[in-house]
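# Below is the sequence, then the predicted model.
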Amino acid sequence: VDHPGAQWLPADPANYRTARRPRSHPIDYVVVHVTQEHFDDAVAVFQNPGRRTSAHYLVRSADGHIGQCVREKDIAWHAGDPGYDDHSIGITHEGWVNSTAWFTEEMYASSAALTAAVCARHAIPLDRTHILGHHEVSSATHTDPGANWDWDHYLELVRMARTKR
């Protein structure tokens, strides 16, 4: 795994593209997603070769547990836009966009530490220009992470995690 403590939950090779990033494609963004699925169901989606979707990381709501499904050097199909997929790391979160109950403090803290580490590894600025919601990707048809995602709190946690490194 690329992130210490993450559990390796490999996506099916049909759901991502092998690459040699950042040499082949610079990594400029982190894209934040919400699964609209339970953690284990999202893993099953990423492991189903017929689904043609994945993410680099998956964060569980209840305890912030992190699963890694695609290596950071490879290109996960998560943004729905090849230009963003080629140049981003996708972090998806267990839950549903219409319910704040899924956005636990454990999940926010774990995801923020992960995002801070990804940004440090790839020299990505800690700002909303480079840490995006899926809905902000050009040509996006999704609404995640949704209006209930607390961006101010999340970015504060990301910046705090970065200073602890």
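Looks like it came in fine.
# my read: residue 58 touches residue 70, true?
No. Here residue 58 does not reach residue 70: they are 10.1 Å apart, not a contact under C-beta atoms under 8 Å. For every residue, glycine as well, the C-beta is placed using N, CA and C.
# Now do residue 105: how many residues are near it, please.
10 (other C-beta atoms under 10 Å).
# ugh, wrong one, residue 52
The local packing count at residue 52 equals 11, with neighbours defined by other C-beta under 10 Å.
# Name the residues of the longest helix along the chain that come out as buried.
As far as residue count goes, and with DSSP state H defining each element, the longest helix of the chain is helix 105-122. Of all the residues in helix 105-122, those buried under the rule 16 or more other C-beta atoms under 10 Å are 107-119, 122.
# re the thing from before, between residue 58 and residue 70, which has more neighbouring residues?
When residue 58 and residue 70 are compared on other C-beta under 10 Å, the one with more neighbours turns out to be residue 58, at 29 against 26.
# Am I right that the more buried one is in a strand?
Yes. Secondary structure assignment (DSSP: H, G, I helix; E, B strand; the rest coil) places residue 58 inside a strand.
# mind starting the numbering at 26 from now?
Sure, I'll start counting at 26 from here, so that last one is residue 83.
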